[in-house]
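> with the sequence up front, the predicted model follows.
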Amino acid sequence: NELIIEYLSCLRENSFARDIDGVCEISTPFLDHHNDHLSIYVKKANGKFLLTDDGHTLADLAMSGVEIKTEKRRELLNGILIGFGVRLGKDDALEVEGAPHEVAQKKHNLLQAMLGIGDMFLTARDYVTTFFIEDVKLWLKEKEIRFSDNIKITGRSTLDYRIDILIPASKQEPERLIHVANVVKRAEVQSSLLTVSEIRPVRETSFKAILVFNDEEGKLSPDLETALRTYEISPFPWSKRDEYVDVLKN
């Protein structure tokens, strides 16, 4: 009981409220990934209280390079919101509404959602590669480049190899097989080398092999680039993607 009392006292002593044109801003002891205190805003609406983050959570993610604009990211976001009973309001604000006696629990739910969204999108590395593939596919769609994704092709060993993105052949260019890597490490390059060496001898038509990598997460070392080019795999740094539109679209 003493520990609970001390914890509640800590919350009380490190929470601050102020009035902003009839809206109550509450600064809490909880920290985001910048180590800044999370703030929520409370106002009366139709006899109830509306609690919101005023759009700061998703705006901060966007400024950090994580925009919730692909289907997978939206599904993940909705799962978090549903779990805490929070909705997405105007201007991407996280919102929850409750009667006066529910405010404490609603405030807790909103803070949990704010923390959960930040953690899921910025620290859960299992999602990062999936997010990057989604970004690549979204860019291809924006540039009106035709492609298929998640294709399996049988190699000479009779084992199947997964191709992240396949762009069909055209009059100007052969088929293009694309592997996507958020962080280009030796294991990723070795996987690409094995896939190409397995597929190329049995593929009926010629193709170009491309490795798209997120050079904002790390540069391609000279020895790995040499290995890729030895196997005729073109490295494609994401920061220079607009230079590759014609190669992929034609």
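Thanks, I have it.

> right, and the helix or strand after the helix or strand where Val196 lies?
Assigned by DSSP states H and E, Val196 falls within helix 186-199. The helix or strand immediately downstream of helix 186-199 is strand 207-213, counting by DSSP H and E.

> ok so, going back, so which bits of the helix holding Val196 are buried?
Glu188, Val189, Ser191, Ser192, Leu193, Thr195, Val196, Glu198, Ile199 (16 or more other Cβ atoms under 10 Å). All C-beta atoms are positioned from the backbone trio N, CA, C, and that covers glycine.

> out of these, who's nearest Thr129?
Closest approach to Thr129 among the buried residues of helix 186-199 (Cβ to Cβ): Glu188, at 9.6 Å.

> now that closest one. Nearest residue, chain neighbours left out?
In this structure, Glu188 finds its nearest non-sequential neighbour in Ala181, 4.2 Å apart by Cβ to Cβ, 6 or more residues apart in numbering.

> show me what counts as buried in stretch 233-241.
For stretch 233-241, a neighbour-count test (16+ other Cβ under 10 Å) marks Ile233, Pro235, Phe236, Pro237, Trp238, Arg241 as buried.

> before we move on, what about stretch 38-56?
Buried residues in stretch 38-56, defined by neighbour count with 16+ other Cβ under 10 Å: 38-42, 49-56.

> tell me which of these fall in helices.
Members of these lying in helices (criterion: DSSP state H): His56.

> between the buried residues of stretch 38-56, which is closest to Ser148?
Closest to Ser148, out of all of those and judged by Cβ to Cβ, is Gly55, at 36.5 Å.

> per-residue confidence at the closest one?
At Gly55, the predicted lDDT confidence score is 93.

> what of Leu177?
For Leu177, the predicted pLDDT is 95.

> wait, it touches Tyr161, no?
No. Look at Leu177 against Tyr161 with Cβ atoms under 8 Å: they stay out of range, at 9.5 Å.

> of these two, which one has the most company?
Leu177 (25 against 18; other Cβ atoms under 10 Å).

> all helices for this protein, in order.
Along the chain, counting by DSSP H, helices occupy 2-13, 56-63, 71-84, 103-122, 128-142, 186-199, 222-230, 245-249.

> got the buried residues for the last one?
Put plainly, it is helix 245-249. Neighbour count says helix 245-249 has Val247, Leu248 buried, by 16+ other Cβ under 10 Å.

> likewise for the fourth one?
Of the residues in helix 103-122, those buried by neighbour count under the rule 16+ other Cβ under 10 Å are 103, 106-107, 109-118, 120-122.

> follow-up on the earlier one: roughly how far is the helix holding Val196 from the heart of the chain?
25 Å (Cα atoms, centre = their mean, to the nearest Å).
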